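>>> Sharing a sequence plus its predicted fold:
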Amino acid sequence: MANLIIHRGTEEIGGSAVEIYNSTTRLLFDFGLPLESMLRESYKPEEYKLPIRGLYKNEKPEFTAVFLTHAHPDHFGLLELIHLDIPVYLSRITYDILTKITPLLPKAKPSSLNFQIIEDSMDFGNITVKAHSVDHSISGALAYEIETDNKRIVYTGDIRFHGRASYKSSVFKRAIKNPDYLIMEGTTLGRSEQHIVKEKDLEEEFVKIFKTDKLPIIQFSPQNIDRFVTVYRACLKTNKTLVIDPYTCCVLGVYASVSKNIPQYDWNNIMVNFARNSINDKLAETKVLFKYKAKKITVNEILTQPEKYAVKGNEAINRQILSRLEKDKINIIFSMWKGYLDRGGQFAEYKDIIISLHTSGHAYIEDLQKMVDEMKPKFLIPVHTEYKEKYKELFSADVIELSDGQIFAL
């Protein structure tokens, strides 16, 4: 008989860890940091360890494999703690992000792990796992379909249906029919705003803002390639040059394998600012930094003609611009989760002029309802949500509410 344990995720968004096992095979899906950790200046991954036997470096490994849905820390952030003999399966682009991009960042990161690129499906004898590409706010996201003991379990990971790659989620939705269990994320269930905002809607708003003479500083993660494309397209439509940093150049280089249509640092209407930070120091050590030298632009050059530019913000360049340009000559556009603003930081004195332009990396309730209606699972299990009690009233399926660490027989 197979069993399910959601080690973390039945009461919170993030920190995901889902185990499915039977008498001979143990599989873990995601092993992430709680969101709370990302609001801290520093932490040790060990602070968030879960009591899972046979997973960690100082133990005899008992897990057959770990499967990763995508490269957000709330799904991969504790991987560095696991035993190196345990294979970690993931998509090619997720592998590239974790091995080429994540090591540049200052916080916790996996290193020297037994990464394996997942093919269409994996057969472990009495459990098979099939990967499905889905749309999320980072490339390479996967959902998983697991079959064992004549039961079919589907784990959505993080999913949405309104991004530029929404077709992937639609293909996944059509491919799954009548699973026994659908373990489905519900990130947006507690949000009052349920109007579906697409990237093209954001693009139109960026264009309006870019038509003013104020210098736009846009805060967003370059790993959210949809948002980068949105901002870049708005620049093209308003004849502005987008100023990015070397870290963003590296991210774009990794994403080049996804599509030839992903903008790169040497494209028109893109320049690179080298405001010093820890990431640039690392890139300088490996000589990568000098690759972008021909596209270099200084803050002095930007401020000479600010109406010509839009700046992809980071702490280093923001500090230089904010110290030299009056408040009424700047547009600060926050294109990320609003919770990050609660940290205060360098925008504390600018809250009255901050413009929020963002759309979620997670499916809205309407799209989740459509997915459940089309898949028709026998049972629906909440995960990655703070509102599991709402599943029964929102979705047309029998709901099983679990608690963290509870063993559930499938």
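Great, that's in hand. Numbers count the residues shown, from 1 in each chain.
>>> all strands for the stretch 101-250 of the chain, in order.
Across the stretch 101-250 of the chain, reading from the start of the chain, the strands by DSSP state E, counting those that start in this stretch fall at 115-117, 121-123, 127-133, 142-148, 151-155, 181-185, 215-219, 241-244.
>>> and the second one, what other elements does it pack with?
In terms of contacts (3 or more Cβ pairs under 8 Å, 6 or more residues apart in numbering; DSSP states H and E), strand 121-123 is packed against strand 127-133. In this view, the C-beta of every residue, glycine as well, is placed from N, C-alpha and C.
>>> try it again with 10 Å
Packed against strand 121-123, as judged by 3 or more Cβ pairs under 10 Å, 6 or more residues apart in numbering; DSSP states H and E, are the following elements: strand 127-133, strand 142-148.
>>> and what of the last one?
Where contact means 3+ Cβ pairs under 10 Å, 6+ apart, strand 241-244 is packed against strand 215-219, helix 225-238, helix 246-255, strand 270-272, helix 299-304, strand 309-312, helix 315-322.
>>> Can you pull out the low-pLDDT segments for the stretch 301-410 of the chain?
The model of the stretch 301-410 of the chain has pLDDT under 70 over residues 342-344.
>>> Low-confidence regions, the stretch 101-250 of the chain specifically.
107-111.
>>> at 50 what do you get?
Across the stretch 101-250 of the chain, not a single residue meets the criterion (pLDDT under 50).
>>> if I pick residue 277, what's in contact with it?
With contact set as Cβ atoms under 10 Å, 6 or more residues apart in numbering, residue 277 has these partners: 106, 245, 246, 247, 283, 314, 315, 316, 317, 319.
>>> please redo it, this time with the cut-off set to 8 Å
314, 315, 316 (Cβ atoms under 8 Å, 6 or more residues apart in numbering).
>>> ok, how many other residues are close to residue 129?
22 (other Cβ atoms under 10 Å).
>>> Identify the bridge partners of it.
When bridges are assigned using DSSP bridges, the partners listed for residue 129 are residue 122, residue 146.
>>> didn't it look like it was pressed against residue 121?
Yes: the pair residue 129 and residue 121 passes the contact test of Cβ atoms under 8 Å, sitting 6.5 Å apart.
>>> before we move on, the earlier item: how about the strands of the stretch 101-250 of the chain in JSON lines, adding distance to residue 4?
Putting these into JSON lines (distance: least, Cβ to Cβ, whole Å) gives the following:
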{"stretch": "strand 115-117", "distance to residue 4": "23"}
{"stretch": "strand 121-123", "distance to residue 4": "18"}
{"stretch": "strand 127-133", "distance to residue 4": "12"}
{"stretch": "strand 142-148", "distance to residue 4": "10"}
{"stretch": "strand 151-155", "distance to residue 4": "7"}
{"stretch": "strand 181-185", "distance to residue 4": "7"}
{"stretch": "strand 215-219", "distance to residue 4": "38"}
{"stretch": "strand 241-244", "distance to residue 4": "43"}
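>>> Leaving out sequence neighbours, find the closest residue to residue 200.
Distance criterion Cβ to Cβ, 6 or more residues apart in numbering; nearest residue to residue 200, sequence neighbours excluded, is residue 230 at 8.0 Å.
>>> shouldn't the one you found be in contact with residue 201?
No: counting by Cβ under 8 Å, residue 230 stays clear of residue 201, with 9.4 Å between them.
>>> Buried subset of the contacts of residue 277, written for PyMOL?
Provided next is the PyMOL selection string for whichever of the contacts of residue 277 are buried by 16 or more other Cβ atoms under 10 Å:
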select buried, resi 314+316
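>>> just the helices in the protein please.
Counting by DSSP state H, the chain has these helices, from start to end: 73-76, 92-96, 166-175, 199-210, 225-238, 246-255, 278-285, 299-304, 315-322, 365-375, 391-394.
>>> Can you tell me which of these is packed in deepest?
The highest average neighbour count among the helices of the chain, using mean count of other Cβ atoms under 10 Å, belongs to helix 73-76 at a mean of 25.
>>> Run through who's touching that helix.
The set of residues that contact helix 73-76 without belonging to it, under Cβ under 8 Å, 6+ apart, is 13-16, 30-35, 37-38, 68-70, 98, 107-108, 110, 157-158.
>>> Just the buried ones from those residues?
Members of those that pass the buried threshold by neighbour count (16+ other Cβ under 10 Å) are listed as 13-16, 30-34, 37-38, 68-70, 98, 108, 110, 157-158.
>>> Can you give the distance of stretch 154-161 from its chain's centre?
Its chain's C-alpha centre and that of stretch 154-161 lie 12 Å apart, by Cα atoms, centre = their mean, to the nearest Å.
>>> and it, C-alpha only, in CSV?
C-alpha atoms of stretch 154-161 as CSV (Å, rounded to 0.1, in the frame of the first residue of the first chain):
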residue,chain,number,x,y,z
VAL,A,154,-1.1,14.3,-9.5
TYR,A,155,0.9,17.0,-7.8
THR,A,156,0.5,20.4,-9.5
GLY,A,157,3.5,22.1,-7.9
ASP,A,158,3.1,25.9,-8.6
ILE,A,159,0.9,26.5,-11.7
ARG,A,160,-0.9,29.3,-13.5
PHE,A,161,-2.9,29.7,-16.7
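>>> For that stretch, list every residue counted as buried.
Along stretch 154-161, these residues count as buried under the neighbour rule (16+ other Cβ under 10 Å): 154, 155, 156, 157, 158, 159, 160, 161.
>>> before we move on, what about stretch 384-400?
Buried residues in stretch 384-400, counted by 16+ other Cβ under 10 Å: 384, 385, 387, 388, 390, 391, 394, 395, 397, 399, 400.
>>> This completes my enquiry, with thanks.
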